[in-house]
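[1] the amino acid sequence is not available; the structure is as follows:
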Ligand code: GDP
Ligand code: MN
(Lines give C-alpha, C1' and ligand atoms only; values in the text may rest on other atoms or scores of the structure.)
(Ligands and ions follow the chains in the order given, each with its own letter.)
Protein backbone atom coordinates (compact mmCIF):
# COMPACT_ATOMS: atom_id res chain seq x y z
CA UNK A 1 0.00 0.00 0.00
CA UNK A 2 3.02 2.26 0.21
CA UNK A 3 3.76 2.40 -3.51
CA UNK A 4 2.89 5.42 -5.65
CA UNK A 5 0.19 3.35 -7.39
CA UNK A 6 -1.79 3.44 -4.16
CA UNK A 7 -2.15 7.14 -4.74
CA UNK A 8 -3.99 6.50 -8.00
CA UNK A 9 -6.24 3.95 -6.32
CA UNK A 10 -7.24 6.56 -3.78
CA UNK A 11 -8.75 8.70 -6.50
CA UNK A 12 -11.41 6.15 -7.29
CA UNK A 13 -12.49 6.11 -3.66
CA UNK A 14 -16.17 6.65 -3.11
CA UNK A 15 -15.93 8.61 0.11
CA UNK A 16 -15.16 12.27 -0.20
CA UNK A 17 -13.82 14.59 2.43
CA UNK A 18 -17.17 16.19 3.05
CA UNK A 19 -18.71 12.91 4.09
CA UNK A 20 -20.81 12.39 1.00
CA UNK A 21 -20.53 9.37 -1.19
CA UNK A 22 -19.25 9.37 -4.73
CA UNK A 23 -22.55 8.60 -6.39
CA UNK A 24 -23.99 11.94 -5.38
CA UNK A 25 -25.93 12.03 -8.64
CA UNK A 26 -28.66 9.82 -7.27
CA UNK A 27 -29.09 11.71 -4.03
CA UNK A 28 -31.84 14.29 -3.64
CA UNK A 29 -29.63 16.85 -1.95
CA UNK A 30 -30.24 20.54 -1.62
CA UNK A 31 -27.94 21.39 -4.48
CA UNK A 32 -29.07 21.58 -8.08
CA UNK A 33 -28.69 18.45 -10.12
CA UNK A 34 -26.37 20.25 -12.51
CA UNK A 35 -23.96 21.10 -9.71
CA UNK A 36 -24.07 17.57 -8.37
CA UNK A 37 -23.29 16.32 -11.83
CA UNK A 38 -20.36 18.68 -11.98
CA UNK A 39 -19.01 17.37 -8.67
CA UNK A 40 -19.44 13.81 -9.86
CA UNK A 41 -17.51 14.62 -13.02
CA UNK A 42 -14.67 16.08 -11.02
CA UNK A 43 -14.57 13.19 -8.57
CA UNK A 44 -14.80 10.41 -11.10
CA UNK A 45 -12.07 11.84 -13.26
CA UNK A 46 -14.28 13.08 -16.04
CA UNK A 47 -16.43 10.04 -16.61
CA UNK A 48 -19.98 10.40 -15.45
CA UNK A 49 -20.65 6.73 -14.90
CA UNK A 50 -19.24 6.25 -11.40
CA UNK A 51 -16.33 6.50 -9.06
CA UNK A 52 -14.87 3.37 -10.63
CA UNK A 53 -13.62 5.04 -13.80
CA UNK A 54 -10.32 3.87 -15.22
CA UNK A 55 -8.80 7.24 -14.40
CA UNK A 56 -8.98 6.17 -10.82
CA UNK A 57 -6.98 3.01 -11.15
CA UNK A 58 -3.65 4.30 -12.32
CA UNK A 59 -2.00 7.59 -13.15
CA UNK A 60 -0.64 5.96 -16.30
CA UNK A 61 -2.55 5.65 -19.55
CA UNK A 62 -4.68 8.73 -19.09
CA UNK A 63 -4.63 11.50 -21.61
CA UNK A 64 -3.85 14.30 -19.20
CA UNK A 65 -0.99 12.52 -17.52
CA UNK A 66 -2.30 13.83 -14.23
CA UNK A 67 -4.65 10.93 -13.74
CA UNK A 68 -7.64 13.29 -13.88
CA UNK A 69 -8.95 13.11 -17.40
CA UNK A 70 -11.13 16.19 -17.77
CA UNK A 71 -11.47 17.17 -21.41
CA UNK A 72 -12.52 20.61 -22.57
CA UNK A 73 -15.77 19.10 -23.70
CA UNK A 74 -16.47 17.72 -20.22
CA UNK A 75 -15.78 21.10 -18.67
CA UNK A 76 -18.22 22.85 -20.95
CA UNK A 77 -20.90 20.44 -19.78
CA UNK A 78 -20.14 21.04 -16.12
CA UNK A 79 -21.88 24.05 -14.63
CA UNK A 80 -19.84 26.85 -13.15
CA UNK A 81 -19.54 26.40 -9.40
CA UNK A 82 -20.90 29.34 -7.47
CA UNK A 83 -19.06 28.80 -4.19
CA UNK A 84 -15.84 27.04 -3.25
CA UNK A 85 -17.78 24.23 -1.62
CA UNK A 86 -19.99 23.77 -4.70
CA UNK A 87 -16.81 23.37 -6.70
CA UNK A 88 -15.86 20.37 -4.59
CA UNK A 89 -12.34 21.59 -5.18
CA UNK A 90 -11.01 20.68 -1.75
CA UNK A 91 -11.98 17.10 -2.40
CA UNK A 92 -10.73 16.76 -5.91
CA UNK A 93 -8.23 14.13 -4.85
CA UNK A 94 -10.63 12.44 -2.44
CA UNK A 95 -10.06 11.44 1.13
CA UNK A 96 -7.41 8.76 1.45
CA UNK A 97 -8.83 5.36 2.32
CA UNK A 98 -7.59 3.37 5.29
CA UNK A 99 -7.18 3.90 9.01
CA UNK A 100 -5.79 6.99 10.69
CA UNK A 101 -3.14 6.91 13.39
CA UNK A 102 -3.49 8.78 16.67
CA UNK A 103 -1.34 11.58 15.34
CA UNK A 104 -0.99 15.33 15.00
CA UNK A 105 1.10 17.96 13.37
CA UNK A 106 2.79 20.22 15.90
CA UNK A 107 4.17 23.71 15.45
CA UNK A 108 5.85 26.00 17.93
CA UNK A 109 5.41 29.57 16.74
CA UNK A 110 5.07 33.21 17.62
CA UNK A 111 2.13 35.31 16.45
CA UNK A 112 4.57 37.12 14.16
CA UNK A 113 5.32 33.80 12.41
CA UNK A 114 1.78 33.65 11.00
CA UNK A 115 2.50 34.21 7.30
CA UNK A 116 5.57 32.02 7.33
CA UNK A 117 3.70 29.18 9.00
CA UNK A 118 0.76 29.75 6.66
CA UNK A 119 3.06 28.94 3.72
CA UNK A 120 4.25 25.77 5.43
CA UNK A 121 0.73 24.62 6.27
CA UNK A 122 -0.53 25.21 2.76
CA UNK A 123 2.22 23.02 1.36
CA UNK A 124 1.69 20.26 3.92
CA UNK A 125 -2.02 20.33 3.15
CA UNK A 126 -1.60 20.36 -0.64
CA UNK A 127 1.00 17.63 -0.69
CA UNK A 128 -0.46 15.39 2.02
CA UNK A 129 -2.91 16.37 4.69
CA UNK A 130 -5.75 17.41 2.45
CA UNK A 131 -6.36 13.70 1.92
CA UNK A 132 -5.71 12.63 5.53
CA UNK A 133 -7.07 15.50 7.66
CA UNK A 134 -4.80 15.06 10.66
CA UNK A 135 -5.07 17.55 13.54
CA UNK A 136 -2.62 20.35 14.14
CA UNK A 137 -1.42 21.55 17.55
CA UNK A 138 0.08 25.04 17.83
CA UNK A 139 2.18 25.96 20.85
CA UNK A 140 3.38 29.38 21.95
CA UNK A 141 4.98 30.93 25.04
CA UNK A 142 2.40 33.75 24.67
CA UNK A 143 -1.33 33.55 23.85
CA UNK A 144 -2.07 33.16 20.16
CA UNK A 145 -3.93 36.12 18.69
CA UNK A 146 -7.16 36.01 16.71
CA UNK A 147 -5.48 36.37 13.33
CA UNK A 148 -3.13 33.49 13.99
CA UNK A 149 -6.02 31.23 14.97
CA UNK A 150 -8.29 32.31 12.14
CA UNK A 151 -5.75 31.91 9.36
CA UNK A 152 -4.33 28.60 10.57
CA UNK A 153 -7.78 27.12 11.17
CA UNK A 154 -8.83 28.03 7.66
CA UNK A 155 -5.76 26.33 6.19
CA UNK A 156 -5.69 23.09 8.19
CA UNK A 157 -8.10 20.39 7.02
CA UNK A 158 -8.06 18.62 10.40
CA UNK A 159 -8.90 20.08 13.80
CA UNK A 160 -6.67 22.83 15.21
CA UNK A 161 -5.68 23.24 18.85
CA UNK A 162 -3.84 26.13 20.48
CA UNK A 163 -1.79 25.78 23.65
CA UNK A 164 0.07 28.26 25.84
CA UNK A 165 3.31 26.93 27.29
CA UNK A 166 3.54 27.12 31.10
CA UNK A 167 6.21 29.43 32.49
CA UNK A 168 8.21 26.51 34.01
CA UNK A 169 8.79 25.14 30.53
CA UNK A 170 10.03 28.44 29.10
CA UNK A 171 12.30 30.00 31.72
CA UNK A 172 15.58 29.54 33.56
CA UNK A 173 15.48 26.61 36.00
CA UNK A 174 16.54 27.65 39.53
CA UNK A 175 19.85 25.76 39.33
CA UNK A 176 21.07 28.00 36.48
CA UNK A 177 23.45 30.80 37.40
CA UNK A 178 21.99 33.71 35.45
CA UNK A 179 25.14 35.84 35.56
CA UNK A 180 27.19 33.02 34.14
CA UNK A 181 24.58 32.50 31.40
CA UNK A 182 24.61 36.20 30.56
CA UNK A 183 28.40 36.26 30.20
CA UNK A 184 28.18 33.32 27.82
CA UNK A 185 25.66 35.18 25.65
CA UNK A 186 27.86 38.29 25.54
CA UNK A 187 30.86 36.21 24.60
CA UNK A 188 28.95 34.34 21.89
CA UNK A 189 27.63 37.63 20.49
CA UNK A 190 31.23 38.85 20.15
CA UNK A 191 32.19 35.64 18.40
CA UNK A 192 29.17 36.05 16.12
CA UNK A 193 27.78 32.59 16.86
CA UNK A 194 24.34 32.22 15.33
CA UNK A 195 21.64 32.91 17.96
CA UNK A 196 24.54 33.03 20.46
CA UNK A 197 23.17 36.10 22.23
CA UNK A 198 19.52 35.00 22.28
CA UNK A 199 17.67 34.04 25.45
CA UNK A 200 14.44 33.08 23.65
CA UNK A 201 16.27 30.77 21.25
CA UNK A 202 17.69 28.90 24.25
CA UNK A 203 14.23 28.57 25.81
CA UNK A 204 12.99 27.31 22.45
CA UNK A 205 15.73 24.65 22.19
CA UNK A 206 15.16 23.49 25.77
CA UNK A 207 11.41 23.37 25.25
CA UNK A 208 11.72 21.32 22.06
CA UNK A 209 14.21 19.03 23.79
CA UNK A 210 12.26 18.35 26.94
CA UNK A 211 8.72 19.67 27.04
CA UNK A 212 6.71 19.89 23.82
CA UNK A 213 5.66 16.23 23.97
CA UNK A 214 4.20 16.55 27.46
CA UNK A 215 2.02 19.61 26.94
CA UNK A 216 -1.59 18.76 27.84
CA UNK A 217 -2.71 19.02 24.19
CA UNK A 218 0.00 16.62 23.08
CA UNK A 219 -0.95 14.02 25.69
CA UNK A 220 -3.90 13.06 23.46
CA UNK A 221 -1.64 11.75 20.71
CA UNK A 222 0.85 8.97 20.08
CA UNK A 223 2.55 10.40 16.96
CA UNK A 224 3.73 13.84 15.92
CA UNK A 225 5.03 15.56 12.85
CA UNK A 226 6.88 18.79 13.52
CA UNK A 227 6.46 21.64 11.07
CA UNK A 228 8.30 24.96 11.17
CA UNK A 229 7.59 28.26 9.42
CA UNK A 230 8.83 28.71 5.83
CA UNK A 231 9.55 25.12 5.01
CA UNK A 232 8.75 23.62 1.61
CA UNK A 233 7.52 20.22 0.54
CA UNK A 234 8.43 19.44 -3.05
CA UNK A 235 6.71 16.13 -3.75
CA UNK A 236 3.31 14.57 -3.20
CA UNK A 237 3.28 12.31 -0.17
CA UNK A 238 1.36 9.33 -1.46
CA UNK A 239 1.05 7.34 1.76
CA UNK A 240 0.62 8.06 5.46
CA UNK A 241 4.03 8.55 7.12
CA UNK A 242 2.46 8.06 10.57
CA UNK A 243 1.09 4.70 9.51
CA UNK A 244 4.41 3.77 7.94
CA UNK A 245 6.13 4.53 11.24
CA UNK A 246 3.59 2.53 13.23
CA UNK A 247 3.57 -0.50 10.93
CA UNK A 248 7.35 -0.63 10.68
CA UNK A 249 7.98 -0.07 14.41
CA UNK A 250 9.82 3.21 13.82
CA UNK A 251 10.17 5.75 16.61
CA UNK A 252 12.05 8.66 15.04
CA UNK A 253 12.67 9.88 11.50
CA UNK A 254 14.52 12.48 9.48
CA UNK A 255 15.10 13.86 6.00
CA UNK A 256 18.27 15.92 6.44
CA UNK A 257 21.35 15.37 8.56
CA UNK A 258 24.48 17.44 9.04
CA UNK A 259 27.29 18.43 11.41
CA UNK A 260 26.48 20.74 14.33
CA UNK A 261 28.49 23.93 14.97
CA UNK A 262 30.93 22.80 17.61
CA UNK A 263 30.88 26.25 19.29
CA UNK A 264 27.28 25.64 20.39
CA UNK A 265 27.90 22.25 22.04
CA UNK A 266 31.50 22.06 23.34
CA UNK A 267 30.63 19.95 26.40
CA UNK A 268 27.45 18.19 25.20
CA UNK A 269 29.22 14.89 24.64
CA UNK A 270 30.82 14.99 28.10
CA UNK A 271 27.33 15.29 29.47
CA UNK A 272 26.13 12.42 27.28
CA UNK A 273 29.00 10.20 28.44
CA UNK A 274 28.11 10.94 32.04
CA UNK A 275 24.52 9.87 31.30
CA UNK A 276 25.71 6.67 29.59
CA UNK A 277 27.86 5.79 32.57
CA UNK A 278 25.10 6.48 35.12
CA UNK A 279 22.29 4.89 33.10
CA UNK A 280 23.62 1.91 31.19
CA UNK A 281 20.15 0.33 31.44
CA UNK A 282 18.80 2.95 29.02
CA UNK A 283 21.32 2.36 26.25
CA UNK A 284 19.72 0.19 23.55
CA UNK A 285 21.35 -2.89 22.15
CA UNK A 286 22.01 -2.43 18.43
CA UNK A 287 21.95 1.37 18.72
CA UNK A 288 23.39 3.95 16.29
CA UNK A 289 26.39 5.05 18.33
CA UNK A 290 28.44 4.66 15.14
CA UNK A 291 26.39 7.46 13.55
CA UNK A 292 27.39 9.82 16.37
CA UNK A 293 30.95 8.82 17.09
CA UNK A 294 33.91 7.62 15.02
CA UNK A 295 35.86 6.27 17.98
CA UNK A 296 33.41 4.02 19.77
CA UNK A 297 31.90 6.81 21.87
CA UNK A 298 34.98 8.67 23.07
CA UNK A 299 34.22 11.81 21.05
CA UNK A 300 31.19 13.18 19.19
CA UNK A 301 31.51 13.64 15.42
CA UNK A 302 28.75 16.32 15.55
CA UNK A 303 26.41 14.40 13.22
CA UNK A 304 22.74 14.97 13.91
CA UNK A 305 19.40 14.71 12.20
CA UNK A 306 17.76 18.06 11.58
CA UNK A 307 14.84 18.41 13.98
CA UNK A 308 12.88 21.11 12.16
CA UNK A 309 11.39 18.10 10.35
CA UNK A 310 10.49 15.15 12.55
CA UNK A 311 7.89 12.44 12.46
CA UNK A 312 8.16 10.58 15.72
CA UNK A 313 6.60 8.63 18.52
CA UNK A 314 5.51 10.71 21.51
CA UNK A 315 5.46 7.74 23.88
CA UNK A 316 9.14 7.26 23.24
CA UNK A 317 9.83 10.90 24.18
CA UNK A 318 7.65 10.43 27.27
CA UNK A 319 9.48 7.22 28.28
CA UNK A 320 11.63 7.02 31.40
CA UNK A 321 14.72 6.54 29.24
CA UNK A 322 14.19 9.78 27.32
CA UNK A 323 13.09 11.83 30.34
CA UNK A 324 16.10 10.63 32.36
CA UNK A 325 18.31 11.57 29.41
CA UNK A 326 16.80 15.05 29.11
CA UNK A 327 16.92 15.72 32.84
CA UNK A 328 20.52 14.63 33.13
CA UNK A 329 21.54 16.96 30.28
CA UNK A 330 19.37 19.80 31.57
CA UNK A 331 21.06 19.65 35.02
CA UNK A 332 24.44 20.10 33.39
CA UNK A 333 23.23 23.51 32.22
CA UNK A 334 24.38 23.48 28.60
CA UNK A 335 21.09 24.81 27.26
CA UNK A 336 22.10 28.11 28.92
CA UNK A 337 25.87 27.93 29.51
CA UNK A 338 26.36 26.90 25.89
CA UNK A 339 23.63 26.87 23.25
CA UNK A 340 22.66 23.25 22.90
CA UNK A 341 20.18 22.71 20.08
CA UNK A 342 17.23 20.34 20.23
CA UNK A 343 18.46 18.69 17.03
CA UNK A 344 21.65 17.17 18.51
CA UNK A 345 19.77 16.39 21.73
CA UNK A 346 17.02 14.46 19.92
CA UNK A 347 19.50 12.79 17.59
CA UNK A 348 21.83 11.64 20.33
CA UNK A 349 18.85 10.29 22.26
CA UNK A 350 17.58 8.46 19.17
CA UNK A 351 21.09 7.20 18.46
CA UNK A 352 21.61 5.74 21.92
CA UNK A 353 18.17 4.89 23.30
CA UNK A 354 16.68 3.34 20.16
CA UNK A 355 17.67 0.35 18.11
CA UNK A 356 19.04 1.48 14.78
CA UNK A 357 16.09 -0.03 12.91
CA UNK A 358 13.78 2.31 14.83
CA UNK A 359 15.16 5.38 13.06
CA UNK A 360 13.81 6.04 9.57
CA UNK A 361 15.03 8.16 6.67
CA UNK A 362 12.11 9.41 4.54
CA UNK A 363 13.67 9.56 1.10
CA UNK A 364 10.33 10.31 -0.56
CA UNK A 365 9.51 13.36 1.59
CA UNK A 366 11.20 16.17 -0.32
CA UNK A 367 11.87 19.05 2.00
CA UNK A 368 13.50 22.44 2.37
CA UNK A 369 14.37 24.45 5.44
CA UNK A 370 16.80 27.26 4.84
CA UNK A 371 19.49 26.60 3.69
CA UNK A 372 19.24 22.87 2.88
CA UNK A 373 17.17 20.74 0.52
CA UNK A 374 16.33 17.07 0.47
CA UNK A 375 15.23 16.21 -3.07
CA UNK A 376 14.99 12.52 -4.07
CA UNK A 377 17.67 11.76 -6.60
CA UNK A 378 15.76 9.06 -8.48
CA UNK A 379 14.01 10.52 -11.52
CA UNK A 380 11.13 8.04 -11.46
CA UNK A 381 10.34 8.94 -7.86
CA UNK A 382 10.33 12.63 -8.72
CA UNK A 383 8.04 12.22 -11.70
CA UNK A 384 5.65 9.83 -9.96
CA UNK A 385 5.35 12.21 -7.02
CA UNK A 386 5.13 15.40 -9.12
CA UNK A 387 8.16 16.89 -7.41
CA UNK A 388 9.23 20.45 -8.17
CA UNK A 389 12.70 20.41 -6.60
CA UNK A 390 15.93 20.47 -8.57
CA UNK A 391 17.80 17.23 -7.78
CA UNK A 392 21.07 19.16 -8.03
CA UNK A 393 20.07 20.95 -4.84
CA UNK A 394 19.89 17.67 -2.92
CA UNK A 395 22.15 17.86 0.11
CA UNK A 396 22.18 14.19 1.15
CA UNK A 397 25.33 13.01 -0.55
CA UNK A 398 27.40 16.15 -0.22
CA UNK A 399 30.34 16.50 2.13
CA UNK A 400 28.58 18.29 4.94
CA UNK A 401 25.70 15.81 5.21
CA UNK A 402 25.80 12.80 7.54
CA UNK A 403 23.23 10.81 5.56
CA UNK A 404 25.81 8.62 3.78
CA UNK A 405 27.06 7.59 7.17
CA UNK A 406 23.52 6.60 8.20
CA UNK A 407 23.13 4.46 5.07
CA UNK A 408 26.51 2.77 5.57
CA UNK A 409 25.89 2.12 9.24
CA UNK A 410 22.60 0.41 8.43
CA UNK A 411 24.03 -1.48 5.46
CA UNK A 412 21.46 0.24 3.24
CA UNK A 413 21.81 0.69 -0.48
CA UNK A 414 21.81 4.36 -1.48
CA UNK A 415 18.90 5.53 -3.64
CA UNK A 416 18.97 5.68 -7.43
CA UNK A 417 20.84 8.71 -8.74
CA UNK A 418 23.21 8.81 -5.78
CA UNK A 419 26.35 8.37 -7.94
CA UNK A 420 25.73 11.59 -9.90
CA UNK A 421 25.49 13.66 -6.80
CA UNK A 422 28.75 13.42 -4.97
P1 LIG B 1 16.05 27.90 13.30
O2 LIG B 1 15.27 26.99 12.41
O3 LIG B 1 17.00 27.16 14.19
O4 LIG B 1 16.70 29.02 12.56
O5 LIG B 1 15.02 28.59 14.33
P6 LIG B 1 13.55 29.17 14.09
O7 LIG B 1 13.58 30.65 14.21
O8 LIG B 1 12.93 28.57 12.88
O9 LIG B 1 12.81 28.61 15.39
C10 LIG B 1 12.52 27.25 15.54
C11 LIG B 1 11.04 27.08 15.87
O12 LIG B 1 10.74 27.68 17.11
C13 LIG B 1 10.10 27.72 14.86
O14 LIG B 1 8.96 26.90 14.77
C15 LIG B 1 9.80 29.06 15.47
O16 LIG B 1 8.54 29.53 15.06
C17 LIG B 1 9.81 28.72 16.95
N18 LIG B 1 10.28 29.83 17.81
C19 LIG B 1 11.52 30.37 17.85
N20 LIG B 1 11.60 31.32 18.80
C21 LIG B 1 10.39 31.37 19.39
C22 LIG B 1 9.83 32.17 20.47
O23 LIG B 1 10.48 33.00 21.07
N24 LIG B 1 8.52 31.93 20.79
C25 LIG B 1 7.77 30.98 20.15
N26 LIG B 1 6.50 30.84 20.53
N27 LIG B 1 8.26 30.23 19.14
C28 LIG B 1 9.55 30.42 18.77
MN1 MN C 1 13.48 27.15 11.48
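    On my side now, so go ahead. Values in this document were obtained by computation on a predicted structure and should not be read as measured data. Ligands and ions are numbered 1, 2, ... in the order given.

[2] contacting residues around residue 306?
    By Cβ atoms under 8 Å, 6 or more residues apart in numbering, the contact list for residue 306 reads 254-258, 343, 369, 372. The C-beta positions use only the backbone N, C-alpha and C, and glycine is treated the same way.

[3] now, among the residues you listed, which is nearest to residue 303?
    The nearest member of the contacts of residue 306 to residue 303, counting by Cβ to Cβ, is residue 257 at 6.3 Å.

[4] name the helices or strands packed onto the one helix or strand residue 243 maps to?
    Assessed by DSSP states H and E, residue 243 sits inside helix 241-247. Helix 241-247 sits against strand 223-226, strand 310-313, with contacts defined as 3 or more Cβ pairs under 8 Å, 6 or more residues apart in numbering; DSSP states H and E.

[5] tell me the helix or strand right after that helix.
    strand 252-254.

[6] ok, and what's touching the helix or strand following that following strand?
    Going down the chain from strand 252-254, the next helix or strand is strand 257-259, by DSSP H and E. Contacting residues not belonging to strand 257-259 are listed as 301-306, 347, 372, 395, 400-403, 405-406 [Cβ under 8 Å, 6+ apart].

[7] tell me if stretch 202-209 is near ligand 2.
    No - for stretch 202-209, no contact with ligand 2 is found by Cβ under 5 Å from the ion; the gap never falls below 9.7 Å.

[8] residue 291 contacts residue 407, doesn't it?
    No - the pair residue 291 / residue 407 is not scored as a contact, 10.3 Å apart, by Cβ atoms under 8 Å.

[9] how close does the residue nearest to residue 232 when sequence neighbours are not counted get to ligand 1?
    Closest residue in space to residue 232, ignoring its immediate chain neighbours: residue 368 at 4.0 Å, by Cβ to Cβ, 6 or more residues apart in numbering. For residue 368, the distance to ligand 1 equals 12 Å [Cβ to the nearest ligand atom, to the nearest Å].

[10] please apply the same query to residue 223.
    Counting by Cβ to the nearest ligand atom - residue 223 and ligand 1 are separated by 19 Å.

[11] with residue 365 instead?
    18 Å.

[12] distance of the nearest residue to that residue once chain neighbours are set aside from ligand 1?
    Of all residues not flanking residue 365 in the chain, residue 255 sits nearest, at 5.4 Å (Cβ to Cβ, 6+ apart). Residue 255 is 14 Å from ligand 1, where distance means Cβ to the nearest ligand atom.

[13] the closest residue to residue 379 other than its chain neighbours: neighbour count?
    Among residues not flanking residue 379 along the chain, residue 417 sits closest, at 6.7 Å (Cβ to Cβ, 6+ apart). Residues within reach of residue 417, counting by other Cβ atoms under 10 Å, total 18.

[14] dump the residue contacts of residue 417.
    376-379, 391.

[15] which residue, other than its chain neighbours, is closest to the residue of the chain found nearest ligand 2?
    For the chain and ligand 2, the shortest gap (Cβ to the ion) falls at residue 228, measuring 4.2 Å. Excluding the flanking residues, the one nearest residue 228 by Cβ to Cβ, 6+ apart is residue 308, at 4.5 Å.

[16] quick check: phi and psi at that neighbour.
    phi -70, psi -20 (degrees, to the nearest 10).

[17] identify the residues contacting it.
    226, 228, 231, 343, 369.

[18] picking that back up, mind telling me what element the residue of the chain closest to ligand 2 is part of?
    Applying DSSP H and E, one finds residue 228 in no helix or strand.

[19] wait, it touches residue 369, no?
    Yes - at 6.4 Å, residue 228 counts as touching residue 369 under the criterion of Cβ under 8 Å.

[20] need the overlap of contacts for those two.
    With Cβ under 8 Å, 6+ apart as the test, residue 228 and residue 369 both reach 308-309.
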